[in-house]
Each structure stands twice: as C-alpha cells, then as structure tokens.
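>>> Below: sequence and its predicted model.
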Amino acid sequence: MSVVTVTKDNFEEEVMKASVPVLIDFWASWCGPCRMLSPVIEEIAGEVRDTKVCKVNVDEQPELARQFGVMSIPTLVVMKNGQVTKKSLGVQPKSSVMSMLKA
C-alpha cells in the first residue's frame with residue numbers, strides 16, 4: 001500500500017472509518033527529523049498489509065494537529081477503531097515503529 005495524505009476533508013473516511021489500524025505521521029516539509037523519518041514510513045507502507053499508513057502535513061492541516069495535541073514533530077500516532085492506542089515523538093527506527101503497530 002502507498003502512504004495516504006490525510007486532510008480534514010478525508011480524515012473521517014481514511015482514519016475514523018478504517019477497518020484496519022492506522023499509522024499517522026504528523027510532519028512538515030521544513031522539519032529535518034521529519035525528512036529523516038519519511039523513508040522509514042514509506043518503507044513500512046510498502047511492507048504492511050494490515051495497517052493503513054497516513055501522513056498529515058501540520059502546516060496545511062493545523063486543525064488535525066491540534067485535535068491530536070501535536071506540539072512537536074515528527075509525531076507518530078497509531079489508531080484502532082477510531083481511538084489513539086500509541087503515540088511517539090521524534091525520529092524512530094523502523095523496528096520501533098513496527099513494534100508500535102504490533103502492540
């Protein structure tokens with residue numbers, strides 16, 4: 001699967017109504033650590049079949065960033081059945097992100 005860009009317009013459909021867990025990467029184009037994490041997120045999206053992988057640009061979607069209490073980026077959020085189950089801040093190695101998805 002490829003990474004889905006989430007906006008306030010498609011959030012309900014892509015995240016809240018998802019039948020599988022959702023990994024959301026809150027990021028911005030000017031953020032160095034976000035650029036470091038991006039290839040990891042892309043790689044995970046290409047490998048996992050039982051999780052939807054999404055990205056939210058905090059500059060373009062400040063409402064979503066506020067809704068999730070994102071104060072620093074990158075922030076990763078895992079949601080299942082419309083509920084936040086895991087949250088992490090900063091660059092994470094692929095193994096840590098994968099274990100967030102399995103927990």
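Yep, that arrived. All values derive from a computational prediction rather than experimental measurement.
>>> where exactly do the helices run in the protein?
For the chain, the helices defined by DSSP state H cover 11, 32-47, 62-67, 94-102.
>>> check contacts around residue 87.
If a contact means C-beta atoms under 8 Å, 6 or more residues apart in numbering, then residue 87 has 75-78 as its contacts. (Each C-beta comes from the backbone N, C-alpha and C, glycine too.)
>>> switch the cut-off to 10 Å
By C-beta atoms under 10 Å, 6 or more residues apart in numbering, the residues touching residue 87 are 24, 26, 68-70, 75-79, 100.
>>> Just say which of the helices of the chain is most tucked in.
Comparing the helices of the chain by mean neighbour count (mean count of other C-beta atoms under 10 Å), helix 11 ranks first with a mean of 18.
>>> Now do it: distance to the chain's middle.
Its chain's average C-alpha position is 12 Å from that of helix 11, according to C-alpha atoms, centre = their mean, to the nearest Å.
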